[in-house]
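Participant: Quick one: sequence plus predicted model below, questions after.
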Amino acid sequence: MIRTHAAIVLKAVPFAEGGAVVSFLSEHGERMSGLAKGVKKPTAKWVAAFEPLSQVRVSFFGKEHTELKRVTRCELAFSPLTLGHLESSLVMACLADLFDRVAREGVEDDRLYRLLSACGRALKADPGNALGILAYAEHWLLHCLGLLPHPRLCGRCGNAEAPLAMLSPEQGWCCQACTPVDPVEALPPGSREYLRQLRAGGADTAPRMDAAHEAQTALTALLRARLLQELGGSLRSYEVLWRTL
């Protein structure tokens, strides 16, 4: 049986005789994988279709419950790749790693597809904001996983105006009005506003990374650490990103 899906390429792992096992995120938000024979050979016609974050039409052949189906066709519809832009390429690898870990086979969540598709198109339109788009994706992935409460109200006292003090695993965002915390350890001023920016806009309007923006720097580090912890630790793509930039 042949089934065709709109999907986003996540990772291609080399396999025997110039082939690769390729993982995809389907339009329904399900992780799928298949064996693409000969894809790593220099003469392969479809090698460009397997770049991370490429949007494709992919066809699988195999019995319904076969663990690894064969990829029979893969047509490239859109690629976020910008030649010569290192930062964007590194972020694409990080996003592919993240969604490959978060998405599950047999479990649909179309929010994942919409989020990754939006990030890919934002990267193509503005590769110079790659790090801002990565921070945006990390924030929304935590939300999709149910690990990030809304910052509108303090999880302890319900205050909607006081500056945020910390993120508690039990009570969510806690404000300075009800949470005694050492000023050195408290979230910087502007944290609530930055979180509102992330929630209100799309990937194409993700805030640009600014080393002088203390709230942005602190929250990006906090949310990234929380996400990577949930996924079992650091990812190789992140290690490459940190060493390179």
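Facilitator: Everything's here; your move. Residues are numbered from 1 along each chain as shown.

Participant: Run the chain-centre distance for the helix or strand encompassing residue 32.
Facilitator: Assessed by DSSP states H and E, residue 32 sits inside strand 31-36. Relative to the centre of its chain, strand 31-36 is centred 19 Å away, using CA atoms, centre = their mean, to the nearest Å.

Participant: ok, that strand: who's next to it in the sheet?
Facilitator: strand 19-26 (antiparallel), strand 69-78 (parallel) (DSSP bridges).

Participant: What mean pLDDT does the first one get?
Facilitator: Throughout strand 19-26, pLDDT has a mean value of 94.

Participant: could you check the distance from the residue nearest the centre of the chain over to residue 170?
Facilitator: Centrality entry for the chain: nearest residue to the mean C-alpha point is residue 95, 4.0 Å, by CA atoms, centre = their mean. As judged by CB to CB, to the nearest Å, residue 95 and residue 170 stand 30 Å apart. From N, CA and C alone the C-beta is placed, and that goes for glycine too.

Participant: same check, this time on residue 210
Facilitator: Separation of residue 210 from residue 170 (CB to CB): 31 Å.

Participant: ok, the two, which is more surrounded?
Facilitator: Comparing residue 210 with residue 170 by other CB atoms under 10 Å, the one with more neighbours is residue 210, at 10 against 7.

Participant: can you give me the helices in the chain?
Facilitator: 86-102, 110-125, 130-144, 191-200, 214-230, 236-244 (DSSP state H).

Participant: Need these in TSV (columns: mean pLDDT).
Facilitator: As requested, these are arranged in TSV below (pLDDT from 0 to 100):
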stretch	mean pLDDT
helix 86-102	97
helix 110-125	98
helix 130-144	97
helix 191-200	95
helix 214-230	96
helix 236-244	95
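
Participant: Can you add distance to residue 73 and give the ones you listed back as TSV?
Facilitator: Listed next are the helices of the chain as TSV, based on distance: least, CB to CB, whole Å:
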stretch	distance to residue 73
helix 86-102	21
helix 110-125	20
helix 130-144	29
helix 191-200	38
helix 214-230	34
helix 236-244	28
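
Participant: Tell me which of those lies nearest to residue 70.
Facilitator: Between residue 70 and the helices of the chain, the shortest separation by CB to CB is 19.8 Å, and it involves helix 86-102.

Participant: can you give me how far that closest one is from the chain middle?
Facilitator: On CA atoms, centre = their mean, the centre of helix 86-102 falls 7 Å from that of its chain.

Participant: Same question for stretch 118-130.
Facilitator: With CA atoms, centre = their mean, you get 12 Å for stretch 118-130.

Participant: Need the residues that contact that stretch.
Facilitator: 8, 53, 55, 78-82, 85, 87-88, 90-92, 95, 133, 136-137, 202-204, 206, 208-209 (CB atoms under 8 Å, 6 or more residues apart in numbering).

Participant: surely residue 241 meets residue 94?
Facilitator: Yes: Residue 241 is within contact range of residue 94, at 5.8 Å (criterion: CB atoms under 8 Å).

Participant: still on that earlier bit, tell me which of the strands paired with strand 31-36 sits most buried.
Facilitator: Neighbour counts (mean count of other CB atoms under 10 Å) averaged over each of the strands paired with strand 31-36 peak at strand 19-26, with a mean of 22.

Participant: on that earlier part again, ok, residue 241 and residue 94, which is more surrounded?
Facilitator: Counted by other CB under 10 Å, residue 241 and residue 94 do not tie: residue 94 has more neighbours, with 23 against 18.
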